[in-house]
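# please work out how this folds:
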Amino acid sequence: QTYIDNYYASISSSATGNTLKTSLESLLKSERGRSFSYGTHQSQAFPYTDVDPARPNDGYIVSFYSGTPVKGYSGMNKEHTWPDSHGGNKIDSDPHVIRPTLSSENSARGNMYYAQSPNPGWDPASFSNPKYRGISARIIFYGATIGASSGLVLEDVGRGQGSGTGNKMGKLGDLLKWNLEYPVDQSEIIRNETLDISLNYNRNPFIDDPSLACRIWGDTNSNTQSICAQASVAPESMSLNPSETTTTVGTSKTLSVNVTPSNAAKTVTWSSSNPSIATVNNGVVNPLSVGVVTITATSTLNTAIKATATITINEA
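Predicted structure coming up:
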């Protein structure tokens, strides 16, 4: 944390809106010790930034959206999280923006805006891995920051296949909501550290401090104001759904957070009473062995507020 604090020491804690966005863009570009080209992501970045942490020396790369480990980039291509048709070509040399993805998953999204049904657009959770909503949001915030001087902006509308104009991306309201609902994932931290420390590039500040998004775009309109207001409302009580369930080894279960009052923040930290039986990441429980485990969600705004779920795991 001391390193991160020093990294952003030049950024005013009171800055907001375009002032904050411009300051971050200037800082990030000054921190780059090397450059990438679009053609070198596959060879120079992906084997390190997107390596399967369970098999770091076996040549497996994790596919964006589904989280599927793939041996040696087979059947994969480059996903433009900010599509070229919406101005993404201005930043497609940036390894924070381009991700390795299975070709089928890349094709499913096309060039649609990120948006949650029923908005026109495409949901990064379409392959049953909802954490990619938050991950995708923080990438797009980064793209709108690092590409600000090139004219890249966010708009609060959904856009379907082939629609949209110029250098715009969205849907801003859904991106802000996902950023609050889906905490920073361990894979984002690994990627951020690898690009900065190991590959001598700049960081993604929205991974280091997700609150920056609301500080920059929270006052865009009444919708974004309402969404970002929830970021400071601590829950009075919290529960998990389901609170008790049974599964088998290797079959994941997803837990959702319910809060009172309904406008309170759902940002939580997750923990398992026995990680050798089951681990948990953003509410997705991964059963590893037979046994009973308690999963706990703790509010990030009030650590006294917790919710638990009991998971019984049987042989497959």
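# the helix ranked longest in the chain: what's the following helix or strand?
Longest helix in the chain, counting residues (DSSP state H): helix 131-146. The element immediately downstream of helix 131-146 (helix or strand, assigned by DSSP states H and E) is strand 153-154.
# list of residues touching that next one?
140-141, 144, 167-170, 172, 175, 217, 220 (C-beta atoms under 8 Å, 6 or more residues apart in numbering). The way it works is simple: take the backbone N, C-alpha and C, and place the C-beta from them, glycine included.
# run the last query once more with 7 Å
144, 167-170, 172, 217 (C-beta atoms under 7 Å, 6 or more residues apart in numbering).
# in helices only, show me these.
144, 172, 217.
# dump those to TSV, plus distance to residue 276, neighbour count and pLDDT.
Putting the ones in helices among the contacts of strand 153-154 into TSV (distance: C-beta to C-beta, whole Å; neighbours: other C-beta atoms under 10 Å; pLDDT from 0 to 100) gives the following:
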residue	distance to residue 276	neighbour count	pLDDT
144	41	27	98
172	42	28	98
217	42	25	98
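# re earlier: helices or strands up against the longest helix of the chain?
Contacts defined by 3 or more C-beta pairs under 7 Å, 6 or more residues apart in numbering; DSSP states H and E place helix 131-146 against helix 17-30, helix 172-181, helix 205-208.
# can you check which of those helices gets nearest to residue 99?
helix 205-208 (13.9 Å; C-beta to C-beta).
# what packs against the closest one?
Checking 3+ C-beta pairs under 7 Å, 6+ apart, helix 205-208 ends up next to helix 131-146, helix 186-193, helix 212-217.
# out of the ones you listed, nearest to residue 94?
helix 131-146 (6.2 Å).
# can you count the residues close to residue 31?
For residue 31, the neighbour count with other C-beta atoms under 10 Å is 13.
# what's the closest non-adjacent residue to residue 208?
residue 4 (5.2 Å; C-beta to C-beta, 6 or more residues apart in numbering).
# center of this protein, which residue is that?
Residue closest to the mean C-alpha point of the chain, counted by C-alpha atoms, centre = their mean, is residue 135 at 1.1 Å.
# export the ones in helices among the contacts of strand 153-154 to a markdown table and append columns for distance to residue 37.
Shown next, in a markdown table, are those (distance: C-beta to C-beta, whole Å):
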| residue | distance to residue 37 |
| --- | --- |
| 144 | 22 |
| 172 | 30 |
| 217 | 30 |
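# out of those, which comes closest to residue 85?
residue 144 (16.1 Å).
# isn't residue 93 right up against residue 39?
No. Residue 93 is beyond contact range of residue 39, at 9.0 Å (criterion: C-beta atoms under 7 Å).
# looking at these two, which is more packed in?
Using other C-beta under 10 Å, the more surrounded residue of residue 93 and residue 39 is residue 93, with 15 against 10.
# quick one: contacts for the more buried one?
36-38.
# most neighbours, which of these?
That'd be residue 36 among these, by other C-beta under 10 Å, with 19 neighbours.
# which of the three states applies to that one?
When classified by DSSP: H, G, I helix; E, B strand; the rest coil, residue 36 comes out as coil.
# doesn't residue 201 make contact with residue 34?
Yes. Residue 34 is in contact with residue 201 according to C-beta under 7 Å; the separation is 6.3 Å.
# so the two - more neighbours on which side?
Set residue 34 next to residue 201 and count neighbours by other C-beta under 10 Å: residue 201 wins out with 23 against 8.
# pop out the phi and psi values for the closest residue in space to the more buried one that isn't next to it in sequence.
Counting by C-beta to C-beta, 6+ apart, residue 201 lies nearest to residue 195, which is 4.3 Å off, once chain neighbours are set aside. Backbone torsions for residue 195, taken as degrees, to the nearest 10, come to phi -70, psi -40.
# and residue 195, what pLDDT?
Note on residue 195: pLDDT of 98.
# just residue 11 next, same as before
94.
# the nearest residue to it once chain neighbours are set aside: how many residues sit nearby?
Using C-beta to C-beta, 6+ apart and skipping the chain neighbours, the partner closest in space to residue 11 is residue 23 (5.4 Å). Residue 23 has 16 neighbours, counted by other C-beta under 10 Å.
# distance-wise, check residue 23 relative to residue 43.
Distance, residue 23 to residue 43, using C-beta to C-beta, to the nearest Å: 33 Å.
# spatially, which residue comes closest to residue 215, not counting chain neighbours?
residue 16 (5.0 Å).
# next one: residue 274
Nearest to residue 274 is residue 293, by C-beta to C-beta, 6+ apart, at 5.1 Å.
# give me the residues contacting stretch 288-298.
By C-beta under 7 Å, 6+ apart, the surrounding residues in contact with stretch 288-298 are 238, 240, 249, 255, 257, 268-274, 276-280, 285, 306-315.
# check which residues of that stretch are buried.
288, 291, 293, 295-298 (16 or more other C-beta atoms under 10 Å).
# got CSV for those residues, with secondary structure and distance to residue 84 too?
Converted to CSV, the buried residues of stretch 288-298 look like this (DSSP: H, G, I helix; E, B strand; the rest coil; distance: C-beta to C-beta, whole Å):
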residue, secondary structure, distance to residue 84
288, coil, 41
291, strand, 49
293, strand, 45
295, strand, 41
296, strand, 43
297, strand, 39
298, strand, 41
